[in-house]
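Participant: Turn this into a structure:
(one chain, ligands or ions: 1)
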Amino acid sequence: MTGDLLDGRPKTFVFDLDGVVYVDAVSVPGARVTLEALEGAGHQVLFATNNSSRAVDTVIENIARRTGFTAQPAAIITSGLAAAELLVDDDEVCFVFGSDGLARTLIDRGIRVTSDHEQATAVVVGLDRGLTYERLTEAVLAVRRGARFIATNDDATYPMPDGQYPGCGALVASVERATGVLPVVCGKPNPPMVRLVALRVRHPEVWVIGDRPETDLAMAKAAGWGTILVLSGVTHAAGDVPDDLQPDYVLESIADLAAPMSARALRRKG
Ligand SMILES: [Mg+2]
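Facilitator: Reported below is the predicted structural model:
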């Protein structure tokens, strides 16, 4: 059982980023005040994102520039880091079909990265806005030759102001389709991400705050953590959430979590 959100005991809050702390490059109103109030009240604040395209220092810069909140490196958990945890002990040589930020995430964790697909023992796929048919082909050839196929996440889309853009999952599907091989998926709600978040958690009571039920809320339920749905991102009403992923609480945005938990701002679902 997750306990009561309002009981004042120190808790760990795990925030998704896109659609929760900011939308595209704009802060959710009140984000900084909320995050600082939680830390000031003795709670632990973590950020867990399926976006693998940026290394930790860039994620920290983005949070700071958009919201004014300063996050510590240990508070940042990305699906790229979850992929790195999966690979780090196995002496893999990785071909990255993804961004430079993902490659740097792996290298920073001590993993060997190659641009030669013929040397690769693992292929790591992340969102790559600069993708080319040539790189896709090299990733496919490596997986067809037997390299491990690791997907940082399989989110089908990600929200932008003018609609849903193709997400990492759309690129993963291309490799899967061309190889007939199923990837190991690292991001929320899958075990590699749950394990990495669990390693960082400091308090026995954990709450996950997210806008996407099938990733954020599903991860929390897989781990036995509390669930808070915010309506500032891709989900606009609690009624849109499948029955098995219904959250413990529904908030308009994380601003409703501020100041030590003004009870009337919180709506328990149902
Ligand atoms: Mg989100």
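Participant: how about residue 128, secondary structure?
Facilitator: Under the three-state scheme (DSSP: H, G, I helix; E, B strand; the rest coil), residue 128 adopts coil.
Participant: what residues are up against it?
Facilitator: Contact partners of residue 128, counting by Cβ atoms under 8 Å, 6 or more residues apart in numbering, are 53, 97-99, 135, 171. (Each C-beta comes from the backbone N, C-alpha and C, glycine too.)
Participant: go again using 10 Å as the cut-off
Facilitator: Residues near residue 128 by Cβ atoms under 10 Å, 6 or more residues apart in numbering: 52-53, 96-100, 102, 135-136, 139, 168, 171.
Participant: before we move on, what about residue 258?
Facilitator: By Cβ under 10 Å, 6+ apart, residue 258 lies in contact with 30-38, 41, 265.
Participant: That one sits in which helix or strand?
Facilitator: Element membership of residue 258 [criterion: DSSP states H and E] is helix 258-261.
Participant: one step back: what about the contacts of residue 128, which are in strands?
Facilitator: 96-97 (DSSP state E).
Participant: Narrow the contacts of residue 128 to just the buried residues.
Facilitator: The neighbour count (16 or more other Cβ atoms under 10 Å) marks 52-53, 96-99, 102, 135-136, 139, 168, 171 as buried among the contacts of residue 128.
Participant: now the stretch 51-200 of the chain, which segments are flagged as low pLDDT?
Facilitator: The stretch 51-200 of the chain contains no residues with pLDDT under 70.
Participant: picking up where we left off before, give me the average confidence score over the helix holding residue 258.
Facilitator: Mean pLDDT, helix 258-261: 55.
Participant: Surely residue 252 and residue 228 touch.
Facilitator: No: assessed by Cβ atoms under 10 Å, residue 252 is found out of contact with residue 228, at 11.4 Å.
Participant: more crowded one of the two?
Facilitator: For residue 252 versus residue 228, the count of surrounding residues by other Cβ atoms under 10 Å is larger for residue 228: 26 against 12.
Participant: centroid residue for this structure?
Facilitator: Centroid-nearest residue in the chain, with Cα atoms, centre = their mean: residue 49, separated by 1.9 Å.
Participant: doesn't residue 58 make contact with that one?
Facilitator: No: counting by Cβ under 10 Å, residue 49 does not reach residue 58; the two are 11.5 Å apart.
Participant: anything in contact with each of those two?
Facilitator: Residues touching both residue 49 and residue 58 by Cβ under 10 Å, 6+ apart: 76, 78.
Participant: Setting aside sequence neighbours, what's the nearest residue to residue 214?
Facilitator: residue 245 (6.8 Å; Cβ to Cβ, 6 or more residues apart in numbering).
Participant: Around the ion, which positions in the chain sit nearby?
Facilitator: For the chain, the contact set with the ion under Cβ under 5 Å from the ion comprises 16, 18-19, 211-212, 233.
Participant: Tell me which two of these sit farthest apart.
Facilitator: Farthest-apart pair in the residues of the chain next to the ion is 18 and 212; separation 8.8 Å (Cβ to Cβ).
Participant: Would you mind telling me which of the two has the busier surroundings?
Facilitator: Using other Cβ under 10 Å as the criterion, residue 18 and residue 212 rank with residue 212 on top: 25 against 20.
Participant: what's the more buried one in contact with, if anything?
Facilitator: Counted by Cβ under 10 Å, 6+ apart, residue 212 has contacts 16, 18-20, 50, 155, 158-159, 188-189, 218-219, 229, 233-235, 241, 245.
Participant: what does the model give it for pLDDT?
Facilitator: So residue 212 comes in at 93 (pLDDT).
Participant: And residue 48, by the same measure?
Facilitator: In this prediction, residue 48 has a pLDDT value of 98.
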